[in-house]
Each structure stands twice: as structure tokens, then as C-alpha cells.
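**Q** fold the following and give me the result.
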Amino acid sequence: MSILLSHPTKKIKASIELTSSKSESNRVLIIQAILNNAFTISNLSDSNDTKILINLLKSKNSGLDVGHAGTTMRFLTAFFASQQRDVTITGSERMQQRPIKILVEALNQLGSNISYLKKDGFPPIKINKSKKLIGGEIELDGSVSSQYISALLLVAPTFKNGLIINFIGKIVSKPYIEMTISIMRCYGADITWQENKIIVKNTAYQPKNFIVEADWSAASYWYSIAALSENASIEIIGLKENSLQGDSYVAELYKFFGVETTFTKKGIRIAKTTKIDKESIHEVNFEDFPDLAQTFAVTAAALNFSIKLTGLSTLRIKETDRISALKNELTNCGFNVAIENDDLIIFPSKNTSLVENKI
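**A** Modelled structure (predicted):
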């Protein structure tokens with residue numbers, strides 16, 4: 001089957017109501033579960049990951065299957081380790097290839113009893129009922145997935161001695177950790193971030209109703225539509241100027257593609273200008289917002305940019321190897337793309353036609 005997407009005028013005018021943030025939803029759901037559903041969450045994400053998390057948090061079964069949901073796997077591992085309950089957690093074939101050893105080792109060091117049922121360091125895992133986690137001080141490589149760190153932080157206030165994380169090396173994906181900390185503070189957590197150390201004290205979360213913001217990651221696709229248009233005015237409802245989401249940086253990134261953002265009472269309005277800047281941008285580091293890399297890369301290629309995308313190492317262990325997938329599919333479309341370690345390099349492709357070069 002072959003599908004061709006096109007627009008007769010390349011002039012876009014629309015009003016869009018986005019899905020809610022999966023990142024915010026999943027973090028608040030863990031806190032809600034810790035508090036035995038003592039508050040309500042409005043505007044929850046309808047993503048599969050969030051639906052799976054909701055169902056498994058409610059489940060009384062001893063065997064849980066997260067499917068492809070990576071965030072759910074990490075968050076539930078830490079949550080059930082803190083709940084004094086026997087649980088087995090597994091997932092899809094791809095999930096069983098995604099590492100979890102760093103998180104498991106950290107939790108075991110803090111007092112849990114987690115073992116592997118197949119391959120060492122990978123799901124499925126067995127969480128054996130143990131006493132209330134003592135907590136304490138651990139060391140983590142700063143370059144690990146922020147999901148490991150967020151999983152530990154969310155349950156840390158329940159630890160008898162709290163939690164101190166000392167990071168070794170540079171910390172990547174900082175905005176996702178900052179989002180976790182901001183949400184925790186919203187519920188009364190006593191948490192301090194001092195350079196390469198995060199300190200969480202033993203405190204009780206306090207119930208508070210929460211409204212989930214729209215998803216900035218999803219907004220990135222509309223930014224790309226605007227960038228690839230000749231003229232665009234798109235209203236996107238539900239986004240905030242002072243967002244907790246690191247992917248709100250998309251508003252800055254897409255200025256290079258000639259897309260300007262204006263904040264309104266309802267959300268934002270994005271517009272295409274003629275200010276495409278190919279000269280001042282040759283390399284972008286995506287360490288702080290890796291989920292924007294795919295959308296940005298495709299847009300850059302389509303606009304014939306010569307650019308290097310760095311800071312992509314965490315994309316290797318997603319539901320697929322996203323770096324290789326980007327190179328493969330852009331190459332299939334006729335673009336000139338190379339991989340250098342964990343970096344993606346896009347070269348100008350003057351005569352590429354997406355009609356002639358089908359995926």
C-alpha cells in the first residue's frame with residue numbers, strides 16, 4: 001500500500017486541541033497511587049502508556065504486562081518495590097531487550113529484593129515482598145535515562161531515610177528530572193538539587209487536585225507542518241508559557257525554520273515567517289529534549305538543512321533504536337544521512353522528491 005500526503009496550497013490555518021502530556025500524567029498517577037487515590041487528576045493523557053499504567057496500578061494480579069510502555073515499566077518497578085508486594089513485571093519482546101539493571105541495582109541497594117526471570121539486567125523481573133525501603137545514598141551515572149532517576153525520585157519520600165543521589169559525570173535530560181521534582185514539590189516533597197546531588201527527605205505527600213497540561217511533544221508535529229508550509233497560522237490550545245515540560249523548547253528550536261510562537265489566553269499561536277536561518281545553526285544538542293529529535297530531523301532534511309544532531313544516546317534504548325530508524329527512513333526518502341557514534345548528520349539533498357522516493 002502506498003499513501004501520498006499533500007496539500008493543494010501549502011497555506012495552513014487551523015485550531016488544534018492537543019492530547020494531554022503523558023509525562024505529566026504518568027508522574028502524577030504514581031503520586032496518586034502512593035496516596036491511595038486521595039485526589040483527582042483532570043485531563044489525563046489518552047496515550048497507551050498512560051492507559052496501561054492506570055490499569056496496572058489498579059490491578060490486584062501478581063503478574064503484570066506493560067507491553068511496549070517503557071515509562072510504565074520503570075515507574076512501576078520503583079512503585080511496587082516500595083509497596084511491600086510480590087509482583088512480576090514483564091513486557092513485549094522489545095521491552096525484554098531494554099535494560100533495567102541500573103534501576104534494579106539502585107532499588108536493591110536501597111532495601112528492595114528484585115530478581116530477573118530470564119536475562120540478567122532485563123525484564124521480566126520479580127519484585128519480592130520486603131520490608132519498607134530504608135533508602136539512603138547511592139551513585140548513578142548522569143548519562144542514564146532520566147526515567148530511571150524519575151522512578152526513584154517519585155517514591156523516595158516514602159523511604160525511611162529518604163534518598164540521596166550522587167551523579168557521576170554530566171546529567172542528560174535535565175528538564176525531565178526538573179519536571180519530576182516540580183510535580184513532587186507540588187505535593188509537598190522536600191527535595192533539593194545541588195549541582196550533581198539530589199536530596200529527598202522522608203516526607204508525606206499531601207493530596208492536591210491536578211490538571212494536566214497539553215503535550216508539547218505532540219505540538220512539535222504542528223510546528224513541523226508550519227515549517228514546511230508556505231504560510232501558516234495555527235492555534236494550539238492548552239499549552240502554557242511556564243510549562244513543566246522540557247519539550248516546550250520546541251518553540252525556540254523552530255525559530256530556525258521560520259516558525260514564530262505567540263502565547264495566548266488559550267494556549268499558543270504559531271505562524272510561518274520568511275526568516276529561515278540556515279547559516280547560524282549547524283549543530284543542535286538534544287540531551288535535554290531527545291523526544292524532539294525525530295521531528296526536528298525530518299523537518300531539517302525536508303528544508304534542505306545541513307545539520308548535526310548530537311546528544312541522542314538515550315534514543316538507542318527506546319521502543320526501537322530511533323537513531324538507526326531515522327537514518328533508514330530518511331535514506332529511503334532519498335535524503336543523505338549518516339550516523340557518527342550516537343550523532344545523526346544530515347547533508348543537503350537538493351533534488352530529493354518525496355513522491356519519487358517512497359518509504
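**Q** how far is the helix or strand where Ile346 lies from where the chain is centred?
**A** In this assignment (DSSP states H and E), Ile346 forms part of strand 343-347. The chain centre lies 22 Å from the centre of strand 343-347; the measure is CA atoms, centre = their mean, to the nearest Å.
**Q** show me which residues of that strand are buried.
**A** Asp343, Leu344, Ile345, Ile346 (16 or more other CB atoms under 10 Å). C-beta here means a position set from N, CA and C on the backbone, and glycine is covered the same way.
**Q** sheet-wise, list the partners of it with their directions.
**A** Based on DSSP bridges, the pairing partners of strand 343-347 within the sheet are strand 307-310 (antiparallel), strand 336-340 (antiparallel).
**Q** quick one: name whatever helix or strand follows the first one.
**A** Proceeding C-terminally, strand 307-310 gives way to helix 322-332 as the next helix or strand, assigned by DSSP H and E.
**Q** helices or strands up against that following helix?
**A** helix 293-302, strand 336-340, strand 343-347 (3 or more CB pairs under 8 Å, 6 or more residues apart in numbering; DSSP states H and E).
**Q** return the closest of the buried residues of strand 343-347 with respect to Thr88.
**A** Leu344 (37.2 Å; CB to CB).
**Q** any weak-confidence spans in the protein?
**A** Along the chain, the parts satisfying pLDDT under 70 run over 1-3, 280, 317, 350-359.
**Q** report the buried residues of stretch 54-72.
**A** For stretch 54-72, by 16+ other CB under 10 Å, it's Ile54, Leu56, Leu57, Leu64, Asp65, Val66, Gly67, His68, Ala69, Gly70, Thr71, Thr72.
**Q** for the last one, give me its contacts.
**A** Right, the one you point to is Thr72. Asn26, Asp49, Ile52, Leu53, Leu56, Val66 (CB atoms under 8 Å, 6 or more residues apart in numbering).
**Q** from Ser47, how far off is the closest residue to Leu53 other than its chain neighbours?
**A** Distance criterion CB to CB, 6 or more residues apart in numbering; nearest residue to Leu53, sequence neighbours excluded, is Thr72 at 4.6 Å. Separation of Thr72 from Ser47 (CB to CB, to the nearest Å): 10 Å.
**Q** ok, Pro290 next?
**A** 17 Å.
**Q** which one's more surrounded, the two?
**A** With neighbours defined as other CB atoms under 10 Å, Pro290 and Ser47 compare such that Pro290 has more, 23 against 20.
**Q** tell me what angle the strand holding Ile346 forms with helix 322-332.
**A** With axes from the mean of the first three to the mean of the last three CA atoms, to 10 degrees defining the directions, strand 343-347 sits at 20 degrees from helix 322-332.
**Q** could you give the angle of strand 343-347 to helix 293-302?
**A** Using the same axes, to 10 degrees: strand 343-347 against helix 293-302 is 20 degrees.
**Q** who touches strand 343-347?
**A** 293, 297, 300-301, 305-310, 312, 323, 326-327, 330, 335-339.
**Q** which among those residues count as buried?
**A** If we count by 16+ other CB under 10 Å, the contacts of strand 343-347 have these buried: 293, 297, 300-301, 305, 307-310, 312, 323, 326-327, 330, 335, 337.
**Q** now do the helices in this protein.
**A** With DSSP state H as the definition, the chain shows helices at residue ranges 22-34, 48-58, 70-81, 101-109, 146-155, 174-186, 216-228, 250-253, 293-302, 322-332.
**Q** buried residues in the third one?
**A** Of the residues in helix 70-81, Gly70, Thr71, Thr72, Met73, Arg74, Phe75, Leu76, Thr77, Ala78, Phe79, Phe80, Ala81 count as buried by neighbour count, 16+ other CB under 10 Å.
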